[in-house]
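Chemist: the sequence isn't on hand, but the structure is:
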């Protein structure tokens with residue numbers, strides 16, 4: 001399962017746990033009321049019996065007009081509900097004391113609102129994402145503070161006249177400001193450079209900062225994200241296809257999408273179509289995306305369609321990551 005899929009499953013488990021706690025609390029309240037007010041138990045039994053009778057009258061069409069009986073049942077039902085409410089209030093409880101309890105009144109703790117992921121589930125997802133990113137970064141709240149510019153060389157590149165450290169200082173400052181001021185007016189970013197230069201680290205820092213501000217964030221590898229499109233379309237397993245469809249909606253609609261390691265996926269006509277869907281839909285909806293890749297513009301142009309490249313080149317701020325693999329440098333320093 002993909003990163004986003006696992007986090008969404010964990011968020012749903014948390015929501016299910018909240019629902020179970022609330023259902024248990026409702027049962028305790030009902031037991032408490034029944035123990036003190038036996039008449040309420042009798043009223044509830046009568047109300048259930050009336051509902052069964054009402055359904056029978058509604059279905060039955062023979063033997064005359066059922067409308068008078070239905071009206072009589074409705075009057076009796078309302079009278080019992082009023083008596084029940086009076087008994088609860090007289091005993092010191094609110095009239096809705098035994099009603100179902102929901103942490104989220106919008107989705108009633110289902111996690112879905114009109115076919116879309118509810119904000120309550122997004123919040124739980126963001127908590128899981130924040131926790132995972134904290135583990136990934138292996139640091140506390142000062143994530144950006146752990147980015148060590150001293151690991152980048154100071155010697156100027158002969159072609160550009162700029163040293164890796166100077167370049168990465170600009171990249172770092174840009175990412176820091178981006179995280180601090182993230183909004184739907186922020187630009188889309190493209191992180192380009194070799195492995196071990198901090199692309200994943202800085203994108204994770206931005207993702208966590210945005211999630212902590214309450215923005216919905218999806219953090220996924222390109223291969224896993226595009227695989228979700230394939231599963232949604234071609235899987236014969238209905239549950240698997242539905243889960244993939246939820247992930248696709250998440251990729252298209254979240255406030256910030258981090259698409260990591262673009263170019264490592266197997267490129268096909270279908271994957272190009274899915275990638276274009278992510279990029280173009282998010283641009284149309286003014287949702288922000290950060291893409292990281294080990295490939296330069298020429299290599300990307302050989303992999304992807306002109307439609308994709310025109311959007312990457314025209315709608316994304318490219319940030320170059322240069323230097324030696326800092327993981328190797330750290331290893332050298334410890335030897």
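Modeler: Perfect, I can see it now. On a predicted model such as this, the values are computed, not experimentally measured, just so you know.
Chemist: so after the worst-scoring helix or strand of the chain on mean pLDDT, what's the next helix or strand?
Modeler: Lowest on mean pLDDT, DSSP states H and E among the helices and strands of the chain sits helix 119-137, with a mean of 72. Using DSSP states H and E, the helix or strand that directly follows helix 119-137 along the chain is helix 164-180.
Chemist: list the buried residues for that following helix?
Modeler: Using 16 or more other C-beta atoms under 10 Å as the test for burial, helix 164-180 gives 164, 165, 166, 167, 168, 171, 172, 175, 176, 178, 179. To be clear about C-beta, it is placed using only N, CA and C from the backbone, and glycine gets the same treatment.
Chemist: centre of the chain versus that helix, how much separation?
Modeler: Mean-position distance between helix 164-180 and its chain equals 27 Å (C-alpha atoms, centre = their mean, to the nearest Å).
Chemist: residue 291: what secondary structure?
Modeler: Following DSSP: H, G, I helix; E, B strand; the rest coil, residue 291 is assigned to strand.
Chemist: that one pairs with what?
Modeler: Counting by DSSP bridges, residue 291 forms beta bridges with residue 190, residue 259.
Chemist: confidence score at it?
Modeler: With respect to pLDDT, residue 291 scores 96.
Chemist: would you agree it is in contact with residue 263?
Modeler: No - using C-beta atoms under 8 Å, residue 291 makes no contact with residue 263, being 9.7 Å away.
Chemist: so residue 49 is in which element?
Modeler: Assigned by DSSP H and E, residue 49 falls within helix 38-59.
Chemist: give the buried residues for that helix.
Modeler: Those would be 40, 43, 44, 54, 57, for helix 38-59 by 16+ other C-beta under 10 Å.
Chemist: in terms of secondary structure, what does that helix contact?
Modeler: The contact analysis (3 or more C-beta pairs under 8 Å, 6 or more residues apart in numbering; DSSP states H and E) places helix 38-59 against helix 3-36, helix 67-90.
Chemist: and for residue 316, the neighbour number?
Modeler: When neighbours are counted by other C-beta atoms under 10 Å, residue 316 registers 19.
Chemist: what's opposite it in the beta bridge?
Modeler: Beta-bridge partners, per DSSP bridges, of residue 316: residue 188.
Chemist: how about it, what does it touch?
Modeler: Neighbouring residues of residue 316 by C-beta atoms under 8 Å, 6 or more residues apart in numbering: 187, 188, 189, 190, 289, 291.
Chemist: next, give phi and psi for residue 153.
Modeler: phi -60, psi 150 (degrees, to the nearest 10).
Chemist: err, residue 94, not the other one
Modeler: Torsion angles, degrees, to the nearest 10, at residue 94: phi -70, psi 160.
Chemist: pretty sure it contacts residue 88?
Modeler: Yes - if you go by C-beta under 8 Å, residue 94 and residue 88 touch, sitting 7.0 Å apart.
Chemist: more crowded one of those two?
Modeler: Each of residue 94 and residue 88 has its neighbours counted (other C-beta under 10 Å); residue 88 has more, 18 against 10.
Chemist: and the more buried one, how far from residue 37?
Modeler: 8 Å (C-beta to C-beta, to the nearest Å).
Chemist: do the same with residue 15
Modeler: 33 Å.
Chemist: when the two are compared, which one has more neighbours?
Modeler: Per other C-beta under 10 Å, whichever of residue 15 and residue 37 has more neighbours is residue 15, with 22 against 17.
Chemist: what's the closest non-adjacent residue to that one?
Modeler: Take residue 15 and drop its neighbours on the chain: the residue closest to it by C-beta to C-beta, 6 or more residues apart in numbering is residue 111, 5.3 Å away.
Chemist: pull the contacting residues for the residue nearest the centre of the chain.
Modeler: Centroid-nearest residue in the chain, with C-alpha atoms, centre = their mean: residue 122, separated by 4.6 Å. Contacts of residue 122 were listed using C-beta under 8 Å, 6+ apart, and they are 216, 254.
Chemist: can you do 10 Å?
Modeler: Listed by C-beta atoms under 10 Å, 6 or more residues apart in numbering, the contact partners of residue 122 are 8, 11, 111, 116, 129, 211, 214-217, 250, 253-255.
Chemist: quick one: least confident of the residues you listed?
Modeler: Within the contacts of residue 122, pLDDT is lowest for residue 129, at 72.
Chemist: that one contacts residue 7, correct?
Modeler: Yes - contact between residue 129 and residue 7 holds when scored by C-beta atoms under 10 Å: they sit 5.6 Å apart.
Chemist: who has more neighbours out of those two?
Modeler: More neighbours surround residue 129 than the other of residue 129 and residue 7, with 28 against 24 (other C-beta under 10 Å).
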